[in-house]
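Participant: how would this look folded up:
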Amino acid sequence: MKTQSKIALKFLLVMIILTGIIYPLLMTGLAQLGYPSKANGSLIMNDGKIIGSELIGQKFDSSIYFWSRPSAIGYNPIPSGGSNLGPTSDTLKKQVGARRVLFAKINSMTDPLSIPKEMVFASGSGLDPHISPEAALLQVDHISRARHFENSQKEKLLNKIKELTETPQFFCLGEQRINVLILNLELNKI
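Facilitator: Okay, the predicted model is just below:
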C-alpha cells in the first residue's frame, strides 16, 4: 500500500510540474512570440495610455460619440454576464421599450421598431464591443449635428464606417460588425 501511495504522489508531482508549470509557460511563450498584442489583451493605446481593449465594450452615452450596445453589468468585466431576463419578463420589456424610445429620440427616428436589435438588447456577456454597420449608420446624423460637421466631414465619417466594418470570422461566422471604441477614436480624428 505504501508503494502505491509513493507512486501516486510522484505521479501527482510530475503532473503538477508538467501541466501546472511547464505547459502554461510554454503556451504563454508561444503566444507572446506569435501574437503579442492578443496575448496581452488586445489593448488600445492613445497618447501612450491604455484606454481600453478591442475585446471589451465601453459605455458611450454622449451625443458626440457612437453608442455601444447596452450592458446588463455596466461594462464591468469582473462579473461578466447577462441579465438572464427572458422573453416573458416585464422588466426586460420595460428596459427594451425605454432603450427604443431613447435611441429613436436621439437619432430622430420615426419607427422605433426598426432599431437594430443590438442597440436595445444587452449582450450575453455584457461586454460586447461591437455594433452592426446599420446601427452605426443610424447614429451618423445626430453625431454630425452634435459635432457641427460639414458635409465633407460627414462623408469622411461614412467612409470610416465602411473602412472599419469587419467581415464575419472565416467569412461565415457571425455578422458584419464595427468596434465602437475604435470607431470613436477615428471619429475624434475627423
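
Participant: low pLDDT regions in this protein?
Facilitator: 1 (pLDDT under 70).

Participant: which residue is nearest the middle of it?
Facilitator: With distances taken as Cα atoms, centre = their mean, the residue of the chain nearest its centroid is residue 129 (1.4 Å).

Participant: test my guess that that one contacts residue 55.
Facilitator: Yes. Shown here, residue 129 and residue 55 form a contact pair, counting by Cβ atoms under 8 Å, at 6.4 Å. Every C-beta, even on glycine, is put in place using the N, C-alpha and C of the backbone.

Participant: still on that earlier bit, what's near enough to touch the residue nearest to the centre of the chain?
Facilitator: Residue 129 makes contact with 53, 54, 55, 56, 57, 58, 68, 179, 180, 181, according to Cβ atoms under 8 Å, 6 or more residues apart in numbering.

Participant: one more pass at 7 Å, please.
Facilitator: Residues in contact with residue 129 (Cβ atoms under 7 Å, 6 or more residues apart in numbering) are 54, 55, 56, 57, 179, 180, 181.

Participant: same check, this time on residue 68
Facilitator: So residue 68 contacts 57, 58, 59, 60, 131, 180 (Cβ under 7 Å, 6+ apart).
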